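Undergrad: show me the folded form of this:
(4 chains)
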Protein chains: 2
Amino acid sequence: MNDLTDLEGATLAEVARRGTATTYVIANTFAESPSEYWSGSAGAVYPLVRRLTERGYLEAHAASTGKRQRSDYSITPAGRAALTRWLLDADRAAGMGFDPLRTRLLYLDLVSPTEVATLLTEVAKRSERADAPPIFADRPAALCIHRSWWEARRFWLQLISKKPQK
Amino acid sequence: MNDLTDLEGATLAEVARRGTATTYVIANTFAESPSEYWSGSAGAVYPLVRRLTERGYLEAHAASTGKRQRSDYSITPAGRAALTRWLLDADRAAGMGFDPLRTRLLYLDLVSPTEVATLLTEVAKRSERADAPPIFADRPAALCIHRSWWEARRFWLQLISKKPQK
DNA sequence: CACCACATGTAAATGGTTACATGATTCT
DNA sequence: AGAATCATGTAACCATTTACATGTGGTG
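TA: Alright, predicted model coming up:
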């Protein structure tokens, strides 16, 4: 019944999407995410999958090949319920999260207008060529979310470029 | 010369903005941020300010009143340089950060379209009444950033509401 | 078979959250 | 004076990063 962290929620979601998956595959998916937030480091994901299993949200299926043991994981009914709660939590979904550009812009009066302009130009440049990440290639819905997010970002950049100072 | 985390960068920026500040004031500022990302917990900020001081980025000035000692902090030239590097780091500023809605939407195929629609409606409702946070009241530039960010978010919500499924 | 990339972890260090403790100030 | 609130921390716990260790399957 305990709430999930975002990494836990996303992990359950990735397992659910696949039906069954190894920890490695999940970690890799995060590592290839276009957001720097999802590091997908082994040291984070392996222990996390273990914890989710201990809490009864995931179920391990032995799938050894050779000497080394490996596991496939699938989501349990309890896991599915927890995942649904996490996915549909409107309060959390409506939060502002962390935005590296927004954070910096709040302090733009600490550097010269010229420097701010340069920063905005650089960011705009990068947001123009924000390409579709390979992981979403076979997921049209995800691609659509991704693309429209960047469109909204470019829209925002235009808004703040018009009146960069108060 | 080492790079700053975002919490460190924001802390230096807050001190710089004020000229001089106590740890308490900084922590409080974060706690009152409209983003849930900036918890501003004492356990995070007090040790962090101490670390920044040890690294030579902040300077403590004793300012006791009575028995308990307290310190005001100000930024050093080295701190100012590190802050500027952090502020103007275009690569980091151009990152996607963490967005709780975006993350959830990537898995919307795991729940029914009805549930997704409800979620979007709820989030839209909250983003309509996203009001100006009190801390920004006396900072027109920050207010402007904040408002335009929410405007871009509403724009995005419109985009994805048009074609919520692929 | 030697090597290299893929796969599966673990240990130490870092940084943050939660919960607590306690001093100082203001309010009634 | 006692209660509430503001201010300043610390300690234990938890999650994540970084760096390492090792197994395994294919390729020259």
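
Undergrad: alpha carbons only for contacts and neighbour counts from here, please
TA: OK.

Undergrad: per the record, what domains does chain A have?
TA: Chain A breaks down into these domains under automatic domain parsing: A:6-93, A:100-162.

Undergrad: could you see whether DNA strand C lies near the longest one?
TA: What that stands for is domain A:6-93. Yes - using CA under 7 Å from any atom of the strand, domain A:6-93 reaches DNA strand C at A:22-25, A:42-43, A:46-47, A:68-71.

Undergrad: chain A: helices as residue ranges?
TA: Counting by DSSP state H, chain A has helices at residues A:6-18, A:23-31, A:42-54, A:77-87, A:90-93, A:100-105, A:113-128, A:140-162.

Undergrad: outside of stretch A:99-110 itself, list whatever touches it.
TA: Here stretch A:99-110 makes contact (CA atoms under 8 Å, 6 or more residues apart in numbering or on different chains) with A:116, B:6, B:10, B:13, B:16-17, B:87, B:92-99, B:141-142, B:145, B:149.

Undergrad: give me the buried entries from the residues you listed.
TA: Neighbour-count burial (16 or more other CA atoms under 10 Å in any protein chain shown) applied to the contacts of stretch A:99-110 gives A:116, B:6, B:10, B:13, B:16, B:87, B:92-99, B:141-142, B:145, B:149.

Undergrad: the nearest residue to A:Ala27 once chain neighbours are set aside: neighbouring residues, count only.
TA: If the residues on either side of it in the chain are set aside, A:Ala27 comes closest to A:Gly40, at 4.6 Å by CA to CA, 6 or more residues apart in numbering or on different chains. Applying other CA atoms under 10 Å in any protein chain shown, we find 21 residues neighbouring A:Gly40.

Undergrad: just checking, A:Gly40 touches A:Val25?
TA: No - the criterion here is CA atoms under 8 Å, and A:Gly40 misses it with A:Val25 at 9.9 Å.

Undergrad: next, the contact list for the most centrally placed residue in chain A, please.
TA: Nearest to the mean C-alpha position of chain A, counting by CA atoms, centre = their mean, stands A:Trp38 at 5.3 Å. Contact analysis of A:Trp38 by CA under 8 Å, 6+ apart lists A:30-31.

Undergrad: distance of A:Glu59 relative to DNA strand C?
TA: Distance, A:Glu59 to DNA strand C, by CA to the nearest atom of the strand, to the nearest Å: 13 Å.

Undergrad: is that residue bridged to anything, and to what?
TA: Listed by DSSP bridges, the beta-bridge partners for A:Glu59 are A:Ser74.
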